[in-house]
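1. next comes the sequence, and after it the predicted model I'd like to discuss.
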Amino acid sequence: QCVLEAKRHKRWKYDEKCVYSQKRGSGNNWANGYFHYGLASEASVLDMVQRQAEKCDLLEGFLVLMSVAGGTGSGVGAYITERLRDEFPHATIVNQVVWPYASGAVSVQGYNAILTTSHLQKAADAILLFQNDQLHQTCLKRLGLRHVTFTDVNKVISHVLASVLQPAVRLEH
């Protein structure tokens, strides 16, 4: 949603051919996301990735952003991460995952999270884990927000990712 809004307001530009979207989800069913939607999206997603990889002078790796609570994001995300590992065996793969709230509305979110993590730990070089409960507390206590939104949580994640992923230069004194 934020990406589409940024594009509409001309704050960000991206190639339309690099967007994969579908109308239906997996209904919080990890296996449906992994085996059905993962397989169904594989060719399109890998084709998009390959086109972008060919534009690189040196492909270092991938940063995969995903949630692990639901069926579509976690199942498809794990599946695509494994396919990236197969297609680009020497690339670094870092998965940034959002762990569900401890008291979530979906009874199978714990299973989805464990299934995803077990697949990612075999395919990814690193997993950056963000817990929704801690992100929410950061928004409440450190940022002083009274009503926390997904946008607020995503901004906190973005700031943390930027601090971890930006290159650092050691200054000599």
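-> Sure thing, it's come through. What you see is a predicted model, and the numbers here were worked out from it, not measured in a lab.
2. the residue positioned nearest the centre of the chain bridge partners, please.
-> In the chain, the C-alpha nearest the mean C-alpha coordinate belongs to L65, at 1.3 Å (Cα atoms, centre = their mean). For L65, the beta-bridge partners are Q96 (DSSP bridges).
3. wait, doesn't it sit right on T81?
-> No. Under the contact definition of Cβ atoms under 8 Å, L65 does not touch T81, with a separation of 11.1 Å. Every C-beta, even on glycine, is put in place using the N, C-alpha and C of the backbone.
4. low pLDDT regions in this protein?
-> Within the chain, the set of residues satisfying pLDDT under 70 comprises 1-4, 104-105, 168-170, 173.
5. all strands of it, in order?
-> Secondary structure of the chain (DSSP state E): strands located at 61-67, 92-99, 126-131.
6. in the last one, which residues are buried?
-> Across strand 126-131, burial judged by 16 or more other Cβ atoms under 10 Å covers I127, L128, F130.
7. could you give the number of residues near Y79?
-> A count of neighbours around Y79, defined by other Cβ atoms under 10 Å, yields 24.
8. now the closest residue to it other than its chain neighbours: how far from N32?
-> In space, not counting the residues next to it along the chain, Y79 is nearest to G38; the distance is 2.8 Å by Cβ to Cβ, 6 or more residues apart in numbering. Between G38 and N32 the computed distance is 9 Å (Cβ to Cβ, to the nearest Å).
9. with distance to G144 added, can I get the strands of the chain in JSON lines?
-> Formatted as JSON lines, the entries for the strands of the chain read as follows, by distance: least, Cβ to Cβ, whole Å:
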{"stretch": "strand 61-67", "distance to G144": "26"}
{"stretch": "strand 92-99", "distance to G144": "22"}
{"stretch": "strand 126-131", "distance to G144": "20"}
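10. okay, now P89: neighbour count?
-> Other residues lying near P89 total 7 when counted by other Cβ under 10 Å.
11. for the remainder of this discussion, apply numbering that starts at 34.
-> Sounds good: first residue 34 from here, last item P122.
12. and it, how far is that from N187?
-> The gap separating P122 from N187 is 31 Å, by Cβ to Cβ.
13. stretch 196-205: how far from the chain's middle?
-> Centre-to-centre, stretch 196-205 and its host chain are 23 Å apart (Cα atoms, centre = their mean, to the nearest Å).
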